[in-house]
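K.L.:
Give me coordinates for this.
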Amino acid sequence: MNAIVNDSCISCGLCADTCPAVFHMGDDGMAHGGEVPAEMLADAETARDGCPVGAISIEEETQRTTAPKGAVVLFM
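P.N.:
Model (predicted):
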């Protein structure tokens, strides 16, 4: 799982205070999320639910496939 903070963040720091293992305040003054360890999921969800502007989402990681260099990738 990954925690994502969108650009509606108001830099209140609530998420970083609630779940510092996942969220931190960057040099840009904005909150940033990261990987959510399984044992921190409840705290990350509390931070998400407490965000006053709803700027946080928690998403499952999608498996990425890397094509070899020079490969042609077709989408249908």
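K.L.:
Going by neighbour count, list what's buried in the longest helix seen in the chain.
P.N.:
Using DSSP state H to define each element, the chain has its longest helix at helix 41-50. Across helix 41-50, burial judged by 16 or more other CB atoms under 10 Å covers Asp43, Ala44, Glu45, Ala47, Arg48. C-betas here are computed from N, CA, C, even on glycine.
K.L.:
what's the average pLDDT for it?
P.N.:
What helix 41-50 shows for mean pLDDT is 98.
K.L.:
if we can go back for a sec, out of the buried residues of helix 41-50, the closest to Ser11 would be?
P.N.:
Ala47 (14.1 Å; CB to CB).
K.L.:
Quick check: the gap between that closest one and Asn2.
P.N.:
Distance of Ala47 to Asn2, given as CB to CB, to the nearest Å: 13 Å.
K.L.:
follow-up on the earlier one: which residues sit against the longest helix of the chain?
P.N.:
Contacts of helix 41-50 with the rest of the structure, by CB atoms under 8 Å, 6 or more residues apart in numbering, involve 1, 3, 14-15, 18-19, 21-23, 33, 36, 56-58.
K.L.:
Just the buried residues of the residues you listed.
P.N.:
Buried among the contacts of helix 41-50 by 16+ other CB under 10 Å: Ala3, Leu14, Cys15, Thr18, Cys19, Val22, Phe23, Gly33, Val36, Ile56, Ile58.
K.L.:
List the ones among the contacts of helix 41-50 that fall in helices.
P.N.:
Those of those lying in helices (DSSP H): Leu14, Cys15, Thr18.
K.L.:
ok, and the closest non-adjacent residue to Thr18?
P.N.:
Closest residue to Thr18 apart from its sequence neighbours, by CB to CB, 6 or more residues apart in numbering: Ala47 at 4.1 Å.
K.L.:
Kindly provide the distance from the one you found to Glu35.
P.N.:
In terms of CB to CB, Ala47 sits 14 Å off from Glu35.
K.L.:
Likewise for Ile58?
P.N.:
Applying CB to CB to Ile58 and Glu35 gives a distance of 11 Å.
K.L.:
Report the set of residues contacting both of these two.
P.N.:
Counting by CB under 8 Å, 6+ apart, the common neighbours of Ile58 and Glu35 are Met1, Asn2, Ala3.
K.L.:
Perfect, I'm done here.
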